[in-house]
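Engineer: What would the 3D arrangement of this be:
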Amino acid sequence: MLADIAVKLELKFPYLVAARLKAAKRIAEREGYEAYRKELEEVCDGLAEFDDIRKFMSHGWADLEVDRKGNHRFSLRMYERKGEGQFELMQASSTRERLLEAANDINAYTNRVINLFHRIYLEKGLEKPEYKPDGL
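Structural biologist: Predicted coordinates:
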């Protein structure tokens with residue numbers, strides 16, 4: 001969504017997530033978009049809260065251990081680049097319950113973001129209706 005709106009508003013869209021969030025916040029600096037400032041800042045700050053789990057889930061490795069009582073423990077590992085040719089092993093662990101809670105939080109956050117961008121698209125006419133031939 002961030003890339004799409006950036007293209008529609010003719011904004012540059014950076015590669016790194018932190019820079020993307022700054023670019024998204026700058027949308028509110030455009031004439032006619034000031035009313036969205038508070039919500040854009042909130043959803044961008046919210047995405048930053050989920051960045052660590054996003055990195056582990058997209059670039060890491062997960063192991064699952066289950067004990068005899070059925071308790072689950074997830075171990076997450078990934079290497080994070082610290083410089084040219086330098087990497088640091090990052091590790092985290094979680095329970096099934098905590099991961100489900102995080103998934104629910106992420107889903108609620110995602111719905112909020114989608115609703116905000118949907119509203120911006122509608123109110124600003126950024127989405128042009130698709131051409132549909134007669135009879136379809």
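Engineer: Show me where the chain has its strands.
Structural biologist: With DSSP state E as the criterion, the chain has strands at 61-66, 72-83, 86-94.
Engineer: Distance from the chain centre to the longest helix along the chain, please.
Structural biologist: The longest helix of the chain (DSSP state H) is helix 96-124. Remark: helix 96-124 is offset 9 Å from the chain centroid, using CA atoms, centre = their mean, to the nearest Å.
Engineer: Just the buried residues of the lowest-mean-pLDDT helix or strand in the chain, please?
Structural biologist: Taking mean pLDDT, DSSP states H and E as the measure, helix 2-8 is the helix or strand of the chain with the lowest mean score, a mean of 73. Judged by neighbour count (16 or more other CB atoms under 10 Å), helix 2-8 contains these buried residues: 2, 5, 6. In this view, the C-beta of every residue, glycine as well, is placed from N, C-alpha and C.
Engineer: And for stretch 36-50?
Structural biologist: Per 16+ other CB under 10 Å, stretch 36-50 contains these buried residues: 36, 39, 40, 43, 44, 46, 47, 50.
Engineer: I would like the residues contacting the least confident helix or strand of the chain, please.
Structural biologist: With contacts defined as CB atoms under 8 Å, 6 or more residues apart in numbering, helix 2-8 is touched by 11, 12, 13, 20, 23, 24, 27, 117, 120, 121, 126.
Engineer: Filter these down to the buried ones, ChimeraX style.
Structural biologist: In ChimeraX, this line selects whichever of the contacts of helix 2-8 come out buried by 16+ other CB under 10 Å:
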select :11,20,23,24,27,117,120
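Engineer: pLDDT-wise, what's the bottom of the contacts of helix 2-8?
Structural biologist: Ranked by pLDDT, the contacts of helix 2-8 bottom out at residue 13 (67).
Engineer: burial count for residue 95?
Structural biologist: Neighbourhood size, residue 95 [other CB atoms under 10 Å]: 12.
Engineer: give me phi/psi at it?
Structural biologist: Phi and psi for residue 95, reported as degrees, to the nearest 10, are phi -100, psi 170.
Engineer: got the strands of the chain as CSV, with distance to residue 105 and mean pLDDT columns?
Structural biologist: Output for those, formatted as CSV (distance: least, CB to CB, whole Å; pLDDT from 0 to 100):
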stretch, distance to residue 105, mean pLDDT
strand 61-66, 19, 92
strand 72-83, 16, 92
strand 86-94, 13, 94
